[in-house]
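>>> This is a predicted model, with the sequence first.
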Amino acid sequence: HLGLPGLEFESSAKRYYPTARALFPISLYHPLNGLRRAASDELRSLRQTFGFTTALQIFLGHKRVVLEIMLGSETFSPYFQTEVQAPIYATATGKLLLANLSAAERDEVLGPEPYSSHASRTLVTRADLERELKESLDRGYSVTLDEMLQGLSAVAAPIWLSSRRMMGAVVISGPTKFFDPDAVKQISTALMRSAELFSFASPDIRAVSRFL
């Protein structure tokens, strides 16, 4: 037994296995688990209304973490890992995170332009991106249509702790063919309502903020 953190050695099989602590590193009563449970019903309601994949993301520094997800009826899903790996400038939640950063922080996160194009409508210049970030804040939600992946679109609404601190976002994603202007309007309205509930009526959000 080498005493490796998070591993146990089974002598009969001569193999190491992850311990329960390694598989489930935080308590069931940890603020993140509390928020995840509290968000489930709201996300499920959104999924049932629109039929698309719905998720709650938390912003940890410059990273986007998927805390809870309700998969939609469509075949494809943009989520495979807890941390969102897609380019920050080409995702709906990434745009919200960028919009809440200072210009200097955006420089650090984005690097030099032009940015890599991933689909037909990816924003590759800083001027176009800055204009989109401002519009996202002004209207209260962000949209990506064929920007991260051709045929995939998303709408996200921010969760706020205060007028200047964004905690995360509620996001709906699905096939672009279903995200016409009328659908985007309906989805964004529902998402902003949900995000407002999290922002102003969720004690779990406050508990997570204290933890962070």
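That came in fine, so what should we check first?
>>> residue contacts, Glu74?
51-53, 174-175 (Cβ atoms under 8 Å, 6 or more residues apart in numbering). C-betas here are computed from N, CA, C, even on glycine.
>>> Quickly name whichever of those is closest to Leu129.
Gly174 (23.2 Å; Cβ to Cβ).
>>> Just give the closest residue to the closest one, not the sequence neighbours.
Distances taken as Cβ to Cβ, 6 or more residues apart in numbering put Phe52 closest to Gly174, at 3.5 Å, once the chain neighbours are dropped.
>>> these two touch, right, that neighbour and Ala183?
No - the pair Phe52 / Ala183 is not scored as a contact, 9.6 Å apart, by Cβ atoms under 8 Å.
>>> and the two? which has more neighbours close in?
Neighbour totals were compared for Phe52 and Ala183, and Phe52 leads with 25 against 17 (other Cβ atoms under 10 Å).
>>> Tell me which residues touch the more buried one, please.
Shown in contact with Phe52 (Cβ under 8 Å, 6+ apart): 72-74, 172-174, 178, 187.
>>> again, only this time at 6 Å
Applying Cβ atoms under 6 Å, 6 or more residues apart in numbering, one finds that Phe52 lies in contact with 72, 172, 174.
>>> got the phi/psi numbers for Ala157?
phi -120, psi 140 (degrees, to the nearest 10).
>>> Now for it: which residues touch it?
141, 170, 191-192, 195.
>>> Mind checking which of the contacts of Glu74 are buried?
By neighbour count, with 16 or more other Cβ atoms under 10 Å, the contacts of Glu74 hold 52-53, 174 as buried.
>>> distance of Ala169 from Val124?
23 Å (Cβ to Cβ, to the nearest Å).
>>> Just want to know which of the two has more residues nearby.
Ala169 (29 against 15).
>>> who does the one helix or strand the more buried one maps to pair up with?
Taking DSSP states H and E as the definition, Ala169 sits inside strand 166-175. Here strand 166-175 has these sheet partners by DSSP bridges: strand 53-60 (antiparallel), strand 152-160 (antiparallel).
>>> Just want the angle from the helix or strand following the shortest one to strand 166-175.
In other words, strand 53-60. Counting by DSSP H and E, the next helix or strand C-terminal to strand 53-60 is strand 63-70. With axes from the mean of the first three to the mean of the last three Cα atoms, to 10 degrees defining the directions, strand 63-70 sits at 60 degrees from strand 166-175.
>>> tell me what strand 63-70 is packed against?
On a contact count with 3 or more Cβ pairs under 6 Å, 6 or more residues apart in numbering; DSSP states H and E, strand 63-70 meets helix 31-50, strand 53-60.
>>> Centre of the chain to that strand, how far?
Its chain's C-alpha centre and that of strand 63-70 lie 5 Å apart, by Cα atoms, centre = their mean, to the nearest Å.
>>> tilt between that strand and helix 31-50?
Using the same axes, to 10 degrees, strand 63-70 lies at 60 degrees relative to helix 31-50.
>>> Any buried residues in strand 63-70, and which?
For strand 63-70, by 16+ other Cβ under 10 Å, it's 64, 66-70.
>>> what's the answer for stretch 34-41, then?
So, applying 16+ other Cβ under 10 Å, buried residues of stretch 34-41: 34-36, 38-39.
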